[in-house]
Structure formats: C-alpha cells, structure tokens
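Participant: predicted structure and sequence below. I'll ask about it afterward.
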Amino acid sequence: MRAALRASPPGPKSEIFLVGIDKLTAGFDPESFLAKTGVGKTVINLKKKDAVFSQGDPANAIFYIQQGRVKLTVVSKNGKEATIALLGAGEFIGEECMAVAHPMRMATASALMECTVLRIDREEMLRVLHRESAFSDLFVSFLLARTTRFQEDLVDQLFNSSERRLARILLLLAQFGKSSKPETVIPNISQETLAGMVGTTRSRVSFFMNRFRKLGFIDYQPGDVLQVHNSLLNMVLHD
C-alpha cells in the first residue's frame, strides 16, 4: 500500500491536503524518513494514557503519529481541563517548537490507545525542511490545513448548537470529507472526552448520542466500537 502523509481534516466540506509519495522528489523518501529511527529520530511506543509530552514541558522536538490516536488537552489555572483536538496516524503534533527555539508546551498530548510515534529533534526537522523542498512544501500544507481546522472549530463553537458540534466531531473522527474512503468505525472514546471537545456536559452528549442512534446516524458495535453512517453527514450539511 502506498503511504501518504495526511493533514488533519478541517471539515466535511473542506478540501483535504493529501500528498502521495509519488509527488515528492526522487532523492528523498518521506515514508522512510517518517518510519525509521536515525540521527535525531526515535520511535516511541506508548500505552493508553501515556503522555507524549505535558503542558509546561520544554518544546524541543516534533512528533509524527505512525499508529494510534492522540488527545490534546489543556488545563486552566483553576484545574479545568479541555480537549482541543484528537489526532491520528499521519499527523504531526508539537509543531509549535518549529516557530521559536525551546518554547514551553501549551498543551498535553496523551495516547488514547496503544500508539507509535516518531520523535524528531527540532534541529533535525529544521535540517530536513531546509534541504528537502518537497518535504517543506508538504509540511507547510499540513500547517495550513491544521490552521484551517482550528479556525473552523472556532466558528463551529461560536455559531453552532452543541448537537451539531458533536455531529461534526464524530464525522471528523471517522474521517469523512477526506479524499480517501472514510473509516466509519471509531475506536472506543469516552463521552467525557467528547463533552470536553463539544463544550457541553457528559449528560448532554449521552442524550445526543442516543438520539443519533435512534435516528440511524450511528451504531454501537461489540466492544463499544462506534460506527458512523453517511446519514449523519447529511444531517450536518442540510439540517
């Protein structure tokens, strides 16, 4: 299967940046670079709830998710926690370290399941970005897609109901709106996590999830695996 580096999907109706290996320069293989250890690169295996990095840590490396899902959370001064993103295979995390040398982490990244991530030292990432123009273009596309996603998240939070925000999050987790076929099946994710992303209570999320199930938008498979149907996309686009 040909590997591809995918940016976080900004929304069901948005264009997704997807760059195949065949679009890159013949002299540099990003699949190999992002799959193997080497100078300035370390592969890390994480168990569920293990931290990739924590809020307040020095930001001296960027991470690439090879397998699994990672949750980004922030904690306020009074101890309130909010989930700001769920990221999957093919995405970078901790990219803020590329802007300024040794800033502090503004969020905590933790594994939602068993994960494999590639840690890339900031200096090594800068070296590759400077030397490999195709990889640099690819990384810029990822950053633009991530920025667009965050902007859409803000608009969603400001103008849409909590029910529609939950529906959009489920669609993003199932990768609807991507060029590739949606996964439709989402590994077990707690309603507390969904509530933190939506900005509502767990009881409201439970109410909406039950409503989605009765309307045929979602189904629960054995092991609490969630299946998302195309009809939920129609609800978000046309309701």
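Facilitator: Ah, there it is. Numbers count the residues shown, from 1 in each chain.

Participant: bridging residues for the closest residue to Ser54 other than its chain neighbours?
Facilitator: Leaving aside its sequence neighbours, Ser54 sits nearest to Thr108 (CB to CB, 6 or more residues apart in numbering; 4.9 Å). From N, CA and C alone the C-beta is placed, and that goes for glycine too. Legend: beta-bridge partners of Thr108 under DSSP bridges are Thr73.

Participant: and stretch 65-85, how far apart are its ends?
Facilitator: 14 Å (CA to CA, to the nearest Å).

Participant: still on that earlier bit, tell me the confidence at the residue nearest to Ser54?
Facilitator: Looking at Thr108, its pLDDT is 96.

Participant: count of neighbours near it?
Facilitator: By other CB atoms under 10 Å, 18 other residues sit near Thr108.

Participant: ok, it - contacts?
Facilitator: 51, 53-55, 72-75 (CB atoms under 8 Å, 6 or more residues apart in numbering).

Participant: so for the top helix by length along the chain, what gets flagged as buried?
Facilitator: Ranked by residue count and defined by DSSP state H, the top helix of the chain is helix 133-159. Using 16 or more other CB atoms under 10 Å as the test for burial, helix 133-159 gives 135, 138-139, 142, 145-146, 148-149, 152-153, 156.

Participant: list the contacts of stretch 37-56.
Facilitator: 33, 36, 59, 63, 66, 68, 70, 73-75, 93-94, 104-121, 123-125, 127.

Participant: ok, what's across the strand from the residue most central in space within the chain?
Facilitator: Centroid check for the chain by CA atoms, centre = their mean gives Leu87 as the closest residue, at 1.9 Å. Beta-bridge partners recorded for Leu87 (DSSP bridges): Val70.

Participant: wait, it touches Tyr64, no?
Facilitator: No. With contact defined as CB atoms under 8 Å, Leu87 does not count as touching Tyr64 (10.4 Å).

Participant: residues touching the residue nearest to the centre of the chain, list them.
Facilitator: So Leu87 contacts 8, 65, 69-72, 93 (CB under 8 Å, 6+ apart).

Participant: closest to Gln191 among these?
Facilitator: Lys71 (13.9 Å; CB to CB).

Participant: got the domain ranges for this structure?
Facilitator: Listed domain ranges for the chain are 4-156, 161-238 (source: automatic domain parsing).

Participant: what is the rounded mean pLDDT of the shortest one?
Facilitator: If I follow you right, that is domain 161-238. 83.

Participant: contacts for stretch 67-84?
Facilitator: 46, 52, 55, 85-89, 93, 106-117, 187, 193, 196-197, 199.

Participant: ok, now how distant is the residue nearest to the centre of the chain from Gly68?
Facilitator: 10 Å (CB to CB, to the nearest Å).

Participant: C-terminal to the helix or strand containing Val43, what's the next element?
Facilitator: Mapping Val43 onto the secondary structure by DSSP states H and E places it in strand 41-46. Remark: after strand 41-46, the chain's next helix or strand is strand 51-53, criterion DSSP H and E.
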